[in-house]
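Student: I'd like to go over a predicted model; first the sequence, then the structure.
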Amino acid sequence: MKILFVILSFAFCLFASSSFTFGQICPKFPCVVDSEDSGEVASAAIDNFLAHIDGSSERIFVIARLGSQETSSKSNLNLNRLCDARDYILWRFSGQQSRIKIDSLSTIFAEGEGIKGEGRIEFYLGSKLLLTRIIKRNREANLNCCGELTPTERKQKQKDCSDWKKMVHQTNH
């Protein structure tokens, strides 16, 4: 009986906390997701951002900024962060019905000037900053909502990101 009570209590707490926490992520914009927040919180915020801008014809800008004491030489840190954002947005629109949406979605990924404090990724709709993901120093963006990647998924992600970076560098030079 005690075990059943503990299990039911745990299930209730889990349900109550997740619906409260995740239901309240970026209920209005602009919104900031702190570096202490998990990837689940960041991905839920991006989902809310994408839902908020649904149907807009304005261009989306995703800008990565290095923070204090971060350098771009650390394995192209900003480019890795932008690649994470790009991968997440593409993943969100990977369903067949959503394919039309992502093809018509005009999204620009760019590096901005460095800032004081922690690094960040900023999501703009047109010229309006709507979402900021603060990132711990020298870390990846942590936008993954669904747990750790398998070694095969990680390898494929690194290849895709590498291919995208090569394309970006060729375009810029």
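Tutor: Sure, I can see it.
Student: CA atoms for contacts and neighbours, from now on please.
Tutor: Will do.
Student: burial count for residue 167?
Tutor: 11 (other CA atoms under 10 Å).
Student: Let me know the secondary structure of it.
Tutor: Secondary structure, DSSP: H, G, I helix; E, B strand; the rest coil: residue 167 is helix.
Student: same question for the helix or strand residue 89 falls within, mean pLDDT?
Tutor: Assigned by DSSP states H and E, residue 89 belongs to helix 77-92. Averaged over helix 77-92, pLDDT sits at 84.
Student: Name the residues that touch that helix?
Tutor: 43, 47, 62-66, 71-72, 102, 109-111, 121, 138-144, 161, 164-165 (CA atoms under 8 Å, 6 or more residues apart in numbering).
Student: Please produce a ChimeraX select command covering the buried subset of those residues.
Tutor: The following ChimeraX line selects those of those that are buried, judged by 16 or more other CA atoms under 10 Å:
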select :43,47,62,63,64,65,66,102,109,121,138,140,141,142,143,144,161,165
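Student: Looking at the contacts of helix 77-92, which are in helices?
Tutor: The helices, defined by DSSP state H, take in 43, 47, 102, 161, 164-165 from those.
Student: what's the most distant pair in the residues you listed?
Tutor: Using CA to CA, the two most remote members of these are 47 and 165, lying 24.4 Å apart.
Student: Spatially nearest residue to residue 29, not counting backbone neighbours?
Tutor: Nearest non-adjacent residue to residue 29, counting by CA to CA, 6 or more residues apart in numbering: residue 130, 5.4 Å away.
Student: quick one: contacts for that neighbour?
Tutor: 29-31, 49, 122-124.
Student: wait, doesn't residue 141 sit right on residue 135?
Tutor: Yes: the pair residue 141 / residue 135 is scored as a contact, 5.9 Å apart, by CA atoms under 8 Å.
Student: want to try a markdown table for the contacts of residue 130, with secondary structure, neighbour count and distance to residue 77 as columns?
Tutor: Putting those into a markdown table (DSSP: H, G, I helix; E, B strand; the rest coil; neighbours: other CA atoms under 10 Å; distance: CA to CA, whole Å) gives the following:
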| residue | secondary structure | neighbour count | distance to residue 77 |
| --- | --- | --- | --- |
| 29 | coil | 13 | 27 |
| 30 | coil | 14 | 25 |
| 31 | strand | 17 | 23 |
| 49 | helix | 23 | 24 |
| 122 | strand | 20 | 15 |
| 123 | strand | 26 | 17 |
| 124 | strand | 22 | 20 |
